[in-house]
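In: would you be able to build a 3D model of this:
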Amino acid sequence: MDLINIVTTDLTAITRGRAVPLDALDGHAGSGCGWVPANSALTPQDIIAAPNPWGSHGDLRLVPDLESRMHVPSSNESRPDLHFVHGDLRTLDGEPWAACPRTLLANELARYADTLGWRVCSAFEHEFTLSGLDGDAPAFSLQAQRTAGAFLSQLADALATSGNEPETLLPEYGRHQYEVTCRPALGLASADRAVNLREIVRDVARQCDLQTSFTPQPRVGSVSNGVHLHLSFTDREGKPVLPDNDDTDGLSPLGRHWAAGVLQYMPALCALTAPSPVSYLRLQPHQWSSAYTCLGVRNREAALRICPTTTLSATPRAQQFNLEYRALDATANPYLALAAILIAGRLGIEQRLPLSARADQDPDALDAGQREALGIRALPGSLAEALSELSQAETLVAQIPEALLATYRAIKRQELSNVAGLGNDALCDHYARIY
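Out: Residues are numbered from 1 along each chain as shown. Down below sits the predicted model:
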């Protein structure tokens, strides 16, 4: 019997759910399946955080969004096809549940449409490490592409046939590291696509007798795995609203306020976008990841980057224009991360924040006085520091439902306790196995 999983991606970016017979899915379309509030308080180590806001009390419904349904045919006759559909957590009366991250993103997207008249287009660019490959090959090389064997071609086929529109698949700088990008998507579909990519990568790897990990830091001193979020916005008529050719950095006035908001709140955002203890082994200077709150043009040490455009493309340059948020990794829930970044940018517009934190060089090469004059701050050095920054960012926090925040804080307190005492080598091994 074919099964389909109704899934929710929890606050630790782990996709969980319940399976129902495939031919019974339509019958679950309205009522969904049962879910337990405390499931949302699970840590990555599968320990329910204690205390948490829910305890053993309560019931929810996980209601499928049939437009998000995924079917990935198996290339291995011994394995069934992969079927799943994203769901929203609702109360027994059908009301949205306040701690559902997918609902948080949907609400913020609606706020952008209603208050700014903007549509959000985004893409999550993922890096990951494969294990089980034979031999080594030079970075970015054709040899490294071929070393992966059938994996990359099967992955491209699986992404394409499931509607996820693969764009590029390449061997990266790290040992057995690969990067996959899918085309940008509007609204909620972009975060759905980020989850789809992670789960399809894992499934295809298993079919090829390989293992994969999206952990931010596979080993101490190794090349890190990031997730880069590319964002652009259009008005109701479809006109891009970020670019302005009359400005030195190419950003429109509203675009500058938006970027300033993200940079202003970025130390707090790190608690949600770089949300595991191992994330902070990645966010270090000189690693092409990001270690400071600055905007840069084509600068891969900048935490927020203005991406290049080209006249070689048939697409007009204004439509190519996008910003890249780089202080993000795959231990972050993509719905929560995207929602929080959008909230920070919206606050920048509402507060008319000025944009000064700009550097087109490695910000670590500036001295402390230069960085202070520009308003460039170091990102937190640990998850504990990031959580402290989040608690102090009252305006940002006020935009997120208290039930979700309370659950998230409980998870992170428990998670820090779970890994207390682990050295960096053990910490890397621990998260490599989970993610």
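In: give me every residue that touches the spatially most central residue of the chain.
Out: For the chain, the residue whose C-alpha lies nearest the mean C-alpha position (Cα atoms, centre = their mean) is residue 334; its distance is 3.6 Å. Counting by Cβ atoms under 8 Å, 6 or more residues apart in numbering, residue 334 makes contact with 9, 13, 124, 190-191, 194-195. Any C-beta I mention is one placed from the backbone N, CA and C, and that applies to glycine too.
In: do residue 428 as well
Out: Applying Cβ under 8 Å, 6+ apart, we find residue 428 in contact with 215, 217-220, 278, 281.
In: for the residue nearest to the centre of the chain, give its distance to residue 51.
Out: Remark: distance between residue 334 and residue 51 (Cβ to Cβ, to the nearest Å) = 27 Å.
In: over to residue 94?
Out: 28 Å.
In: quick one: contacts of stretch 209-219?
Out: With contacts defined as Cβ under 8 Å, 6+ apart, stretch 209-219 is touched by 126-133, 151, 174, 177, 198, 201-202, 205, 224-227, 274, 276, 278-279, 281-282, 329-331, 425, 428, 431-435.
In: what about residue 50, which SS state?
Out: Secondary structure, DSSP: H, G, I helix; E, B strand; the rest coil: residue 50 is coil.
In: tell me which two in the contacts of residue 428 are the farthest apart.
Out: The two members of the contacts of residue 428 with the most space between them (Cβ to Cβ) are 215 and 220, at 12.1 Å.
In: which one's more surrounded, those two?
Out: residue 215 (28 against 13; other Cβ atoms under 10 Å).
In: and the pLDDT at that one?
Out: Model confidence at residue 215, given as pLDDT, is 98.
In: again, but for the one 10 residues further on
Out: At residue 225, the predicted lDDT confidence score is 97.
In: next: residue 39.
Out: So, for residue 39, pLDDT stands at 97.
In: state the distance from it to residue 104.
Out: Look at residue 39 and residue 104: by Cβ to Cβ, they are 17 Å apart.
In: the two: who's more crowded?
Out: For residue 39 and residue 104, the more surrounded residue by other Cβ under 10 Å is residue 104, and the numbers stand at 24 against 16.
In: who are the neighbours in contact with that one?
Out: Residues in contact with residue 104 (Cβ under 8 Å, 6+ apart) are 335-336, 339, 400-401, 404.
In: sitting in helices, which of these do you find?
Out: Counting by DSSP state H, the part of these found in helices is 335-336, 339, 404.
In: name the nearest of these relative to residue 325.
Out: Closest approach to residue 325 among those (Cβ to Cβ): residue 339, at 12.6 Å.
In: the closest one contacts residue 108, correct?
Out: Yes: checked against Cβ atoms under 8 Å, the pair residue 339 and residue 108 is within contact range at 4.7 Å.
In: which one of the two is surrounded by more residues?
Out: residue 339 (26 against 21).
In: how many residues are close by the residue nearest to that one when sequence neighbours are not counted?
Out: Distance criterion Cβ to Cβ, 6 or more residues apart in numbering; nearest residue to residue 339, sequence neighbours excluded, is residue 105 at 4.2 Å. Counted with other Cβ under 10 Å, residues neighbouring residue 105 total 25.
In: what ranges does the stretch 101-250 of the chain have for its strands?
Out: Here the stretch 101-250 of the chain has its strands, by DSSP state E, counting those that start in this stretch, at 119-131, 166-171, 177-182, 185-186, 211-213, 227-234.
In: so what strands line up beside the fourth one?
Out: Spelled out, that is strand 185-186. strand 119-131 (antiparallel) (DSSP bridges).
In: looking at residue 318 now. What's its pLDDT?
Out: Reading off the model, residue 318 has pLDDT 89.
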